[in-house]
Structures are given as structure tokens and as C-alpha cells.
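K.L.:
Sharing a sequence plus its predicted fold:
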Number of protein chains: 4
Amino acid sequence: MGRRKQVAVCGPRECTEEEWSHAYEVGRLLAERDAVLVCGGHGGVMAGASAGARAGGGIVVGVLPEADRVNANGDLTVALPTGLGEARNALVVNAGDAVIVVGGSWGTLSELALAMRAGRVPVVQLGGWRVLDAHGRPPGDVLHARDPGEAVAMTGLWT
Amino acid sequence: MGRRKQVAVCGPRECTEEEWSHAYEVGRLLAERDAVLVCGGHGGVMAGASAGARAGGGIVVGVLPEADRVNANGDLTVALPTGLGEARNALVVNAGDAVIVVGGSWGTLSELALAMRAGRVPVVQLGGWRVLDAHGRPPGDVLHARDPGEAVAMTGLWT
Amino acid sequence: MGRRKQVAVCGPRECTEEEWSHAYEVGRLLAERDAVLVCGGHGGVMAGASAGARAGGGIVVGVLPEADRVNANGDLTVALPTGLGEARNALVVNAGDAVIVVGGSWGTLSELALAMRAGRVPVVQLGGWRVLDAHGRPPGDVLHARDPGEAVAMTGLWT
Amino acid sequence: MGRRKQVAVCGPRECTEEEWSHAYEVGRLLAERDAVLVCGGHGGVMAGASAGARAGGGIVVGVLPEADRVNANGDLTVALPTGLGEARNALVVNAGDAVIVVGGSWGTLSELALAMRAGRVPVVQLGGWRVLDAHGRPPGDVLHARDPGEAVAMTGLWT
């Protein structure tokens, strides 16, 4: 039967309603596919994805920057209070067989960049910020999805 | 209903058969109590506890030192390839509402020490190494269990 | 007299000759001002900055991703083999009273993003990549310098 | 001429006067040998070693658990506010060509254990706690020094 897929979902603690809905739907679709959702465990996009995955009966892992669970959202199956601060962002993306980024913030961008730096798995972006190299061109092969369904499909984990 | 308890189980990659059996039984008893097992994800005591927890239908999280899953044991529900090396030991113990240590090794001792340093949760030892302060006395209140059942009871999580 | 200033210099391992020269000059100027240079300890921009700082008689700290020094450049006064992988990027930027970014790469962008996320110190960019938010606007107050002298001045540490 | 040696000195924040004096003397002797002292950057043994090294004109690096320098002792040449919490203990010992442990505490023991786990460099203990395996025997080749001079000699870095 093999092991479950794991997908990292990244996004800002403060997000728009649309981003929250997108994150929720991404989480729900992942749970439907029996994937484990890994996220930063806080609010905003992380909470949206966690809520969606939990509603879909999935397992949700929150990799928290704090050494305790005070800031954990309420939909985590497992909370990992790392105590590493923002260095935990590297762990969130390392945990994914694919990474889906919803919306933008500096913390989110660091996760996108770390995922591209690791270079091992598909990185899919749904909305959010854009990165341009010194020539004004996108510097890598970040995939851009138009909606949650496309984002999940673009991970290539269920083809 | 509240959140699931999480228990960190620590122990050496190379262990005796008795230690493996103890770890397996600890894992099984934790799963029976619906606790999430968090461990280092490797072999030996970690594999024994993971196997026991999985047999009991529990969720098993392996916090790996490597950035990939190559060394993960086969019974993890979730693998977190941290890429942190032995610094990940701090994360294993931070994740527990209690810590159970089976057997001894330098890596295991670092986890016991980090758990006592954090000072937030019960730390229960089943066999393994002993620590004495400069006066030849045990320097803290590590609990010593005689068997897996007592170790799980001593966590105080199900009283 | 007070403590020495510390400046984090970030940039890609593979860089253009101009970026190397810029990094060298930044390092030299920082050493001239008696600042400690903190960098990732590898080649490219990190090596350029280290060489410049060393030539200027400064102290150079390399915060390495590996657990050993094999990949350390030859101009470090102190090598810190963290064993943390790319999670070490958070440490490089945390160590700076200001952060100067020369050139661009995904690893470099993660450092820029983590520095902006921490939000505590001036972040100055010399060339390299650009970030745009969902409205096509720069999402924060990254400072953009035209040359090494301006980059060092923009840190505001010697006004 | 080759690179400077680096020695990690570990010990509790709260220590006896004798431990502080021992740490001071270790720091002074290391500076005399042109070694870089790496420590946890806080008070107690760490402050003693830092003061001794600084008095001897040496370079002192403090690898702090916090993300800022508030708790740094006053004798650091370089402060690295890691933000990693106690996971930073792994970095302190990874940075040493040898590790000297003065006095005992749970945090200190975690560093001793991580150093022995890494198994790459001499680990010298001056006073402090003792570790016994399941058979009541010392489980490894930790070296035990009677005084600071012997501790520095036992590192084997200046033979």
C-alpha cells in the first residue's frame, strides 16, 4: 500500500477571505486524497488549510515556531512545538512531497524560496507574491495555479 | 473532546531485544490510549515503539535528523525530515506531554537531558543509563519505571 | 566603547564577477568600520565578502549548513558548522544589526525574506532579485543601494 | 599558518565560585593559545570562560538560544542570537575542535551527550556530573581533568 503522501501548505497568518477559502479547499482536497497536511500550525492560511483537511478527515501536522502550543490553531492532529522560531520554515517545506503556497508574506516567501532552494519537489503557487530575477524574469519553475483544484493537480502526486 | 495527548519516546538505534520489546509495548499502550507517539523515526527503540503504536492503530510521528526519509522506519504515519542533525533531539522532547526513555546511548541521554532542562513534563526512564551529580546523587526527579505499563502510568496523563 | 556592530552579508554561492567585487568591497568597508561580518561561510558572494573583510583586518564568522567545515571558505575567522542545513539561513540574518544582500538565488531570497520577516533591522539590497506583491508593488521597505559604499551607508549603523 | 583552533566550553548558568574560576582559567589558557572560544553566551560558567578568554585577548563567540542579545554576557566578541532555544546546544558542541565541560546541569549534560554522540572530538570534563551505563560503568571515553591546565592539555590540540 505504501506510505501516505505529505503536502506542505504555506501562507500568511493574516490573509484575505478568498485566501482562507482557497486554503480550506486545498486542505479538503488533500484529505480526500489521504495526504497528510503539514503546515506552520498558526492562523490565516495555515488555519484555513488545517480546517479543510480536518473537515475532510485528514491528518494535520502543525510545525510551530514556539516551544509550546499556545499559538496552535484548533485543527491540528499533531502539534510540533519546535522552539526554533522562523528556522522552522525549513522544516515545513522539507516535510512535503510537494509544496503549495497560498497568498504572500515575508514568512511565506521564505518558505517558497527554501522549497525552491531544496529543489526536490514541485512548488505550486496560488495567488500571492511574484519573484523576478535581475533580468526581470521569473527565476525558476514555480508552478502557478488558478484555483485549489488545479493547485492540487499540479503537485503531480495523483497522476 | 479536547486534543490528543502526545508522548515522546526516546531510545537508541541499537538496542537489546528486551529494550525493543519494552518500546513496542510502550507504543502499543500509548496507541490504546489514543496518544500520538513522537520519536526520532529511526531504528532500534524508535522502531520498536513505532511498530507497537502502529499495531495499536495509533498515529506515529518520526522527527528525522536527515533532510530526507531514507532512514525512516517503516511504521511512521508522518515523517518529518528536519535536516537539523542531532539538533532535532530538542524537537522530539518538546513535542511530548510526557517523555519516556527506553535504554541508553549518548543521543538518548541528550534527549533525557533536554527534557529535564525544559522541565515542563514528566520524564520516565525504563532501564538505561544513570546520571549522578557531583555529590553522587541523582540530580533531578527523573521517574524510574520497572515495566512498560508502569512507564505509561507514570506519565500521569491518564489518571 | 560598547560592542562591535555585526552585519550579515547574504548572496549566492555562484555569482558574477561584479557581484564578487561588490561583496569584497562591502566586506572591506565593514572591516574598516570594525564590524563583524557574518555570512553563510561558503563560496561566491560569501567568499567575496569574507575575503574583503579579512583583507581589511576584520573578524569573519561563517555559519555553515554542514556539521563540518569541509565547504568553508578560506577567509573565516570563526566557522560554525551548524549541521542545520538551510535552516541556518535564519541564524545568519538573526546575527546582523543590519543585513546586506548582494545578488540573487533562492537561498539568498530566503535570507532576504527571513530578514524582512524578523523586521528588526535595515535590509539593504545591492542588485539581485525583486519581489512584487499581488498588486505588482514592492511589499516592504527593502532598501536598494547602487554600490557597496551606499549599501554600507544605508545600514544606518555609522551615522 | 592554518586556521585557529576552536574550543567549545560548556557549563551551567548557575555555578559555584570554583567552577567560575575554573572556567575563567580555561578561557584564559585557550586565548593564550590563540584558540577561539565558543560557548552558549549566557552567565555562570559561560560568563567565566568568556571573561577569561577576553582578558587573554582571545575571540569569544556566544551561541545564544534567544533570537536577540538581551541575555548575552558582556565579554562576547561575537553574539549569535540563534532563536533556536536549547536546540542551539548542538551548535555549540559542533563548533569545537574539542569540548571542555565545567560543572553540571541538565543543559550542560545535553551538550556533553551531544558531543559524545557526534564522536568526532575529544571531550574533557572538569568536575560536574557523572554518567553510568546499565552496568554501572562509564559508557564512553569522556576524559576527566583535575584542573584547567590539565583540561586544556587533554584536548590534545597543542601537543
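P.N.:
Arrived safely, thanks for sending. From a predicted model like this one, the values you see are computed outputs, not experimental measurements.
K.L.:
Residue A:42 is in contact with residue A:66, isn't it?
P.N.:
No - in this structure residue A:42 lies outside contact range of residue A:66 using CB atoms under 8 Å: 9.4 Å. C-beta coordinates here come from the backbone N, C-alpha and C atoms, glycine included.
K.L.:
any residues touching the longest helix along chain A, and which ones?
P.N.:
If you go by DSSP state H, chain A has its longest helix at helix A:17-32. Contact with helix A:17-32 is made by A:7, A:9, A:11-12, A:15, A:37, A:44-58, A:60, A:100, A:102-103, A:126-127, A:147-149, A:151-152, as judged by CB atoms under 8 Å, 6 or more residues apart in numbering or on different chains.
K.L.:
helices or strands up against the helix or strand where residue A:53 lies?
P.N.:
Taking DSSP states H and E as the criterion, residue A:53 maps to helix A:45-55. Packed against helix A:45-55 by the contact rule (3 or more CB pairs under 8 Å, 6 or more residues apart in numbering or on different chains; DSSP states H and E) you find strand A:6-10, helix A:17-32, strand A:36-39, strand A:60-64, strand A:98-102.
K.L.:
Contacts for the fourth one, please.
P.N.:
Pointing back at strand A:60-64 there. For strand A:60-64, the external contacting residues (CB under 8 Å, 6+ apart) are A:27, A:36-42, A:46, A:49-50, A:53-54, A:71-73, A:75-82, A:88, A:91-92, A:95, B:61, B:78, B:80.
K.L.:
what's the answer for the first one, then?
P.N.:
Outside of strand A:6-10, the residues within contact range by CB under 8 Å, 6+ apart are A:23, A:26-27, A:30, A:35-40, A:45-46, A:49, A:89, A:92-93, A:95-102, A:108, A:111-112, A:115, A:155, A:157, B:78-79.
K.L.:
Quick check: mean pLDDT of it?
P.N.:
Mean per-residue pLDDT for strand A:6-10: 98.
K.L.:
With the longest one instead?
P.N.:
Model confidence over helix A:17-32, given as mean pLDDT, is 98.
K.L.:
What of stretch A:36-54?
P.N.:
pLDDT averaged over stretch A:36-54 gives 98.
K.L.:
Stretch A:125-134 too?
P.N.:
Averaged across stretch A:125-134, the pLDDT comes to 96.
K.L.:
Any residue of that stretch touching chain C?
P.N.:
Yes - with CB under 8 Å from any CB of the partner chain as the criterion, chain C is reached by stretch A:125-134 at A:127-134.
K.L.:
for stretch A:139-148, same thing?
P.N.:
Yes - Stretch A:139-148 lies within reach of chain C by CB under 8 Å from any CB, at A:139-140.
K.L.:
Determine how far that stretch lies from the middle of the whole chain.
P.N.:
Relative to its chain's centre, stretch A:139-148 lies at 13 Å (CA atoms, centre = their mean, to the nearest Å).
K.L.:
how long is it from one end to the other?
P.N.:
Distance across stretch A:139-148, first residue to last, is 24 Å (CA to CA, to the nearest Å).
K.L.:
For it, give me every contacting residue.
P.N.:
Residues outside stretch A:139-148 that contact it (CB under 8 Å, 6+ apart) are A:22, A:25-26, A:29, A:112, A:116, A:122-126, A:131-133, A:151, A:153-154, C:104, C:106, C:129.
K.L.:
State the distance from residue A:119 to residue C:135.
P.N.:
29 Å (CB to CB, to the nearest Å).
K.L.:
Mind checking which of those two has more residues around it?
P.N.:
Set residue A:119 next to residue C:135 and count neighbours by other CB atoms under 10 Å in any protein chain shown: residue A:119 wins out with 10 against 7.
K.L.:
quick one: contacts for the more buried one?
P.N.:
Here residue A:119 is in contact with residue C:106 (criterion: CB under 8 Å, 6+ apart).
K.L.:
was I right about residue A:109 contacting residue A:129?
P.N.:
Yes - assessed by CB under 8 Å, residue A:109 is found in contact with residue A:129 at 5.8 Å.
K.L.:
neighbour count winner among the two?
P.N.:
Ranked by neighbour count (other CB under 10 Å), residue A:109 and residue A:129 place residue A:109 first, with 28 against 23.
K.L.:
Find the nearest non-adjacent residue to the more buried one, please.
P.N.:
Distances taken as CB to CB, 6 or more residues apart in numbering or on different chains put residue C:113 closest to residue A:109, at 4.1 Å, once the chain neighbours are dropped.
K.L.:
Look up phi and psi at residue A:69.
P.N.:
phi -100, psi 10 (degrees, to the nearest 10).
K.L.:
list the contacts for it?
P.N.:
A:79, A:81.
K.L.:
Next SSE downstream of the helix or strand hosting the residue nearest to residue A:109?
P.N.:
Using DSSP H and E, residue C:113 sits within helix C:106-118. Using DSSP H and E, the helix or strand that directly follows helix C:106-118 along the chain is strand C:123-126.
K.L.:
same for that next one, what does it pack against?
P.N.:
Going by 3+ CB pairs under 8 Å, 6+ apart, strand C:123-126 lies up against strand C:98-102, helix C:106-118, strand C:143-145, helix C:148-154.
K.L.:
What's the first helix or strand after it?
P.N.:
strand C:130-132.
K.L.:
Strand partners (parallel or antiparallel) of that next one?
P.N.:
Neighbouring strands of strand C:130-132 in its sheet, by DSSP bridges, are strand A:130-132 (antiparallel).
K.L.:
sorry, back to before: which other residues reach the helix holding residue C:113?
P.N.:
With contact meaning CB under 8 Å, 6+ apart, helix C:106-118 is reached by A:86, A:89, A:105-107, A:109-110, A:113-114, A:116-117, A:119, A:131, A:139-140, C:8, C:10-13, C:40, C:45, C:86, C:89-90, C:92-94, C:96, C:99, C:101, C:121, C:123, C:125, C:128-129, C:131, C:140, C:142, D:67.
K.L.:
SS state for the residue nearest to residue A:133 when sequence neighbours are not counted?
P.N.:
Once flanking residues are discounted, residue A:133 sits nearest to residue A:139: 4.0 Å by CB to CB, 6+ apart. At residue A:139, secondary structure determined by DSSP: H, G, I helix; E, B strand; the rest coil is coil.
K.L.:
number of nearby residues for residue A:139?
P.N.:
A count of neighbours around residue A:139, defined by other CB under 10 Å, yields 17.
K.L.:
what does residue A:68 give?
P.N.:
13.
K.L.:
doesn't it fall inside a helix?
P.N.:
No - the assignment for residue A:68 is coil, going by three-state DSSP, so no helix is present there.
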